[in-house]
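J.: Got a sequence here, can you build the structure:
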Amino acid sequence: MADRTQIGHRSRLRQKFTQAGIGAFHDYELIEMLLTLTTPLKDMKKPAKEALRRFGSLSGVLEAPIQLLMEIDGIGETNAFALKLPHAVSRRYLQEQVIGEEYIRSSATVHAFLTHNLRDRNREVFMVIFLNGQNRILKLEELFEGTLTSSAVYPREVIKRAIDFDAAALIFVHNHPSGNTSPSAEDQAITKKLIAAADTIDVRVLDHLIIGGNDYYSFADHGLIK
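T.: Got it, this is the predicted structure:
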């Protein structure tokens, strides 16, 4: 059972959040608060600090697989759920902010969504943004995951989804877990195959973005898509 010291500590954390917002917190305190949502009567500071040490950063903790989180003493399945759910909700929230918006005008919001969604993934994820004839965003979908090679990204699936959404234009996005945003030979090969496939149904490819950390690389900006 939590003693009065622990209860007072949590009360002070809640008051600090109400009065000063999230910027006043150390990363381990944020993790601690999330853990206490499902374990209200136990001191969660030590597991929070251990999670931060093991995964290196707040984002690393939030992106860590549930099974690895549960290897930390004091973190059970419900605690891991408490860490994963807010991150998933924030992704859904950011995605809803961009649906129906014009891509160019909402580029900052779209980039915020893409960065939040992809920057800390430990595997490569390939996403497609589907747009209508006015460049308004119809849908964002993750279509492929894993090591992305020209044989692992299927143009047929991309084209099928473009037809499903009656899309007029596409933007491809994927992440580099290494943080290096420079396109590989495979990235360039994938892009050429997808552009050729989109041409067959008269759909334009506007860009291919590579996300790495807080940085990104744009094929269009570098003249590789015209």
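
J.: So in this protein, which helix runs the longest?
T.: Secondary structure assigned by DSSP state H gives helix 77-98 as the longest helix of the chain.

J.: which residues touch that one?
T.: 31, 34-35, 37-39, 44, 47, 51, 61-64, 66, 69-70, 106, 109-110, 112-113, 116-117, 137, 140 (C-beta atoms under 8 Å, 6 or more residues apart in numbering). Backbone N, C-alpha and C define where each C-beta goes, glycine included.

J.: and it, how far from the chain's centre?
T.: Here helix 77-98 is found 10 Å from its chain centre; the criterion is C-alpha atoms, centre = their mean, to the nearest Å.

J.: quick check: mean pLDDT across that helix?
T.: The pLDDT scores in helix 77-98 average 84.

J.: going forward can the numbers begin at 33, since that is how I track them
T.: Noted, 33 is the first residue going forward, which turns the last one into helix 109-130.

J.: Now that helix: buried residues?
T.: By neighbour count on 16 or more other C-beta atoms under 10 Å, the buried set for helix 109-130 is 111, 112, 114, 115, 116, 119, 126, 127, 130.

J.: And those residues, which two are furthest apart?
T.: 111 and 130 (31.3 Å; C-beta to C-beta).

J.: coming back round to it: give the other helices and strands that the helix or strand following the longest helix of the chain contacts.
T.: Per DSSP states H and E, the first helix or strand lying C-terminal to helix 109-130 is helix 139-150. Under the contact criterion of 3 or more C-beta pairs under 8 Å, 6 or more residues apart in numbering; DSSP states H and E, helix 139-150 touches helix 109-130, strand 157-163, strand 201-207, strand 236-244, strand 247-250.

J.: What's the mean pLDDT across helix 139-150?
T.: 78.

J.: residues in contact with it?
T.: Contacts for helix 139-150 (C-beta under 8 Å, 6+ apart): 122-123, 126-127, 129-130, 133, 135, 157, 159, 161, 169, 172, 205-207, 241, 243, 246, 248.

J.: hang on, the earlier thing: can you put the buried residues of helix 109-130 in a markdown table and add distance to residue 198?
T.: Below are the buried residues of helix 109-130 laid out as a markdown table (distance: C-beta to C-beta, whole Å):
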| residue | distance to residue 198 |
| --- | --- |
| 111 | 43 |
| 112 | 40 |
| 114 | 40 |
| 115 | 38 |
| 116 | 34 |
| 119 | 32 |
| 126 | 24 |
| 127 | 19 |
| 130 | 18 |
